[in-house]
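Colleague: Have a look; sequence and predicted model below, questions after that.
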Amino acid sequence: MTGTRLVVGAAIVEGGRLLAAQRSGPPALRGGWEFPGGKVDPGEDERAALVRECVEELGVQVVLGPRVGGDWPLDNGYRMHVWFATVVAGVPRPLEHLALRWLEPHELYDVPWLPADLPVVAAIEKLLPSRDA
(Lines give C-alpha, C1' and ligand atoms only; values in the text may rest on other atoms or scores of the structure.)
Protein backbone atom coordinates (compact mmCIF):
# COMPACT_ATOMS: atom_id res chain seq x y z
CA MET A 1 0.00 0.00 0.00
CA THR A 2 1.92 3.00 -1.19
CA GLY A 3 1.38 6.31 0.53
CA THR A 4 0.56 4.70 3.88
CA ARG A 5 2.57 4.38 7.03
CA LEU A 6 2.36 1.34 9.25
CA VAL A 7 1.75 1.28 12.99
CA VAL A 8 1.95 -1.93 15.00
CA GLY A 9 0.16 -2.78 18.23
CA ALA A 10 0.39 -5.53 20.82
CA ALA A 11 -2.71 -7.16 22.30
CA ILE A 12 -0.88 -8.47 25.36
CA VAL A 13 -2.98 -11.10 27.07
CA GLU A 14 -2.17 -12.75 30.40
CA GLY A 15 -4.55 -14.92 32.38
CA GLY A 16 -7.43 -13.91 30.10
CA ARG A 17 -6.78 -10.20 30.75
CA LEU A 18 -5.84 -7.60 28.11
CA LEU A 19 -3.24 -4.90 28.75
CA ALA A 20 -4.29 -1.34 27.89
CA ALA A 21 -1.95 1.65 27.87
CA GLN A 22 -2.93 5.29 28.48
CA ARG A 23 -1.33 7.73 26.05
CA SER A 24 0.79 10.58 27.34
CA GLY A 25 0.80 12.51 24.04
CA PRO A 26 0.37 14.18 21.68
CA PRO A 27 -2.12 16.56 23.36
CA ALA A 28 -5.03 15.50 21.11
CA LEU A 29 -4.60 11.85 22.17
CA ARG A 30 -3.39 12.34 25.76
CA GLY A 31 -5.40 10.28 28.24
CA GLY A 32 -6.87 7.94 25.62
CA TRP A 33 -6.23 4.22 25.91
CA GLU A 34 -4.52 2.15 23.24
CA PHE A 35 -2.56 -0.98 22.47
CA PRO A 36 1.16 -0.60 23.17
CA GLY A 37 3.20 -0.26 19.99
CA GLY A 38 4.23 2.37 17.51
CA LYS A 39 5.44 3.26 14.05
CA VAL A 40 7.46 0.88 11.91
CA ASP A 41 10.73 2.48 10.81
CA PRO A 42 11.58 2.47 7.09
CA GLY A 43 13.04 -0.92 6.15
CA GLU A 44 12.12 -2.44 9.53
CA ASP A 45 10.20 -5.72 9.75
CA GLU A 46 6.83 -4.99 11.36
CA ARG A 47 7.04 -7.88 13.83
CA ALA A 48 10.54 -6.81 14.89
CA ALA A 49 9.24 -3.25 15.27
CA LEU A 50 6.53 -4.42 17.65
CA VAL A 51 8.98 -6.41 19.78
CA ARG A 52 11.22 -3.31 19.90
CA GLU A 53 8.33 -1.04 20.83
CA CYS A 54 7.31 -3.33 23.72
CA VAL A 55 10.85 -3.10 25.13
CA GLU A 56 10.91 0.70 24.73
CA GLU A 57 7.39 1.40 26.00
CA LEU A 58 6.87 -1.32 28.60
CA GLY A 59 10.32 -2.72 29.45
CA VAL A 60 9.29 -6.26 28.50
CA GLN A 61 10.22 -8.93 26.00
CA VAL A 62 7.26 -10.40 24.16
CA VAL A 63 6.60 -13.30 21.83
CA LEU A 64 4.07 -12.55 19.13
CA GLY A 65 1.18 -14.83 18.37
CA PRO A 66 -1.44 -14.60 15.63
CA ARG A 67 -2.40 -11.32 14.05
CA VAL A 68 -5.75 -9.78 14.98
CA GLY A 69 -7.66 -8.97 11.80
CA GLY A 70 -6.08 -7.29 8.80
CA ASP A 71 -5.41 -3.61 8.19
CA TRP A 72 -7.00 -1.36 10.80
CA PRO A 73 -7.31 2.19 9.37
CA LEU A 74 -5.97 5.16 11.31
CA ASP A 75 -6.02 8.90 10.62
CA ASN A 76 -3.67 10.63 8.18
CA GLY A 77 -3.12 7.64 5.90
CA TYR A 78 -1.78 5.36 8.62
CA ARG A 79 -2.85 1.75 9.07
CA MET A 80 -2.35 -0.55 12.06
CA HIS A 81 -1.49 -4.23 12.37
CA VAL A 82 -2.14 -5.83 15.77
CA TRP A 83 -0.80 -9.13 17.10
CA PHE A 84 -1.60 -11.10 20.20
CA ALA A 85 1.49 -11.08 22.40
CA THR A 86 2.73 -12.84 25.51
CA VAL A 87 5.22 -11.35 27.96
CA VAL A 88 8.18 -13.72 28.34
CA ALA A 89 10.53 -11.49 30.36
CA GLY A 90 9.88 -8.53 32.63
CA VAL A 91 6.80 -6.90 34.10
CA PRO A 92 5.03 -4.20 32.04
CA ARG A 93 5.74 -0.68 33.29
CA PRO A 94 4.44 2.61 31.84
CA LEU A 95 7.78 3.92 30.54
CA GLU A 96 6.16 6.11 27.86
CA HIS A 97 2.51 6.01 28.94
CA LEU A 98 0.60 7.68 31.77
CA ALA A 99 -0.69 4.34 33.07
CA LEU A 100 -1.24 0.68 32.27
CA ARG A 101 -4.28 -1.39 33.17
CA TRP A 102 -5.06 -5.09 32.93
CA LEU A 103 -8.67 -5.49 31.79
CA GLU A 104 -10.77 -8.55 32.48
CA PRO A 105 -13.09 -9.53 29.59
CA HIS A 106 -16.06 -7.81 31.29
CA GLU A 107 -13.96 -4.62 31.78
CA LEU A 108 -12.79 -4.15 28.19
CA TYR A 109 -14.84 -0.99 27.73
CA ASP A 110 -14.17 0.49 31.17
CA VAL A 111 -11.46 2.75 29.72
CA PRO A 112 -11.93 5.37 26.97
CA TRP A 113 -10.17 3.63 24.07
CA LEU A 114 -8.96 5.75 21.20
CA PRO A 115 -11.62 5.53 18.45
CA ALA A 116 -9.29 3.71 16.03
CA ASP A 117 -8.62 1.01 18.63
CA LEU A 118 -12.29 0.26 19.42
CA PRO A 119 -12.86 -2.10 16.44
CA VAL A 120 -9.75 -4.03 17.45
CA VAL A 121 -11.05 -4.31 21.03
CA ALA A 122 -14.34 -5.68 19.65
CA ALA A 123 -12.45 -8.28 17.60
CA ILE A 124 -10.34 -9.31 20.60
CA GLU A 125 -13.41 -9.50 22.85
CA LYS A 126 -14.76 -12.32 20.68
CA LEU A 127 -11.50 -14.26 21.08
CA LEU A 128 -10.94 -13.94 24.85
CA PRO A 129 -12.24 -16.72 27.08
CA SER A 130 -15.29 -15.75 29.10
CA ARG A 131 -15.11 -16.06 32.88
CA ASP A 132 -18.89 -16.26 33.25
CA ALA A 133 -18.98 -20.05 33.04
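Modeller: Cool, the structure landed. Numbering: from 1, shown residues only.
Colleague: Can you list the helices and strands that the longest helix along the chain packs against?
Modeller: For the chain, the longest helix by residue count, based on DSSP state H, is helix 46-58. Packed against helix 46-58 by the contact rule (3 or more C-beta pairs under 8 Å, 6 or more residues apart in numbering; DSSP states H and E) you find strand 5-14, strand 37-39, strand 61-73, strand 78-89. No exception for glycine: its C-beta is placed from N, CA and C like everyone else's.
Colleague: and it with strand 61-73, angle?
Modeller: Relative orientation of helix 46-58 and strand 61-73, computed by axes from the mean of the first three to the mean of the last three C-alpha atoms, to 10 degrees: 110 degrees.
Colleague: in helix 46-58, what counts as buried?
Modeller: 46, 49-54, 57-58 (16 or more other C-beta atoms under 10 Å).
Colleague: Between its first and last residues, how far does stretch 71-90 reach?
Modeller: Taking C-alpha to C-alpha, to the nearest Å, stretch 71-90 runs 29 Å from one end to the other.
Colleague: circling back: and the helices and strands packed on helix 46-58, which is most packed in?
Modeller: Of all the helices and strands packed on helix 46-58, strand 5-14 carries the top mean neighbour count, a mean of 22, counting by mean count of other C-beta atoms under 10 Å.
Colleague: Which SSE is immediately downstream of that strand?
Modeller: Of the helices and strands lying after strand 5-14 in sequence (DSSP states H and E), the nearest is strand 17-22.
Colleague: what's the very next helix or strand once past that following strand in contact with?
Modeller: Next helix or strand after strand 17-22 toward the C-terminus (DSSP H and E): strand 33-34. Strand 33-34 is contacted by residues 9, 20-23, 101, 111-114, 117 when judged by C-beta atoms under 8 Å, 6 or more residues apart in numbering.
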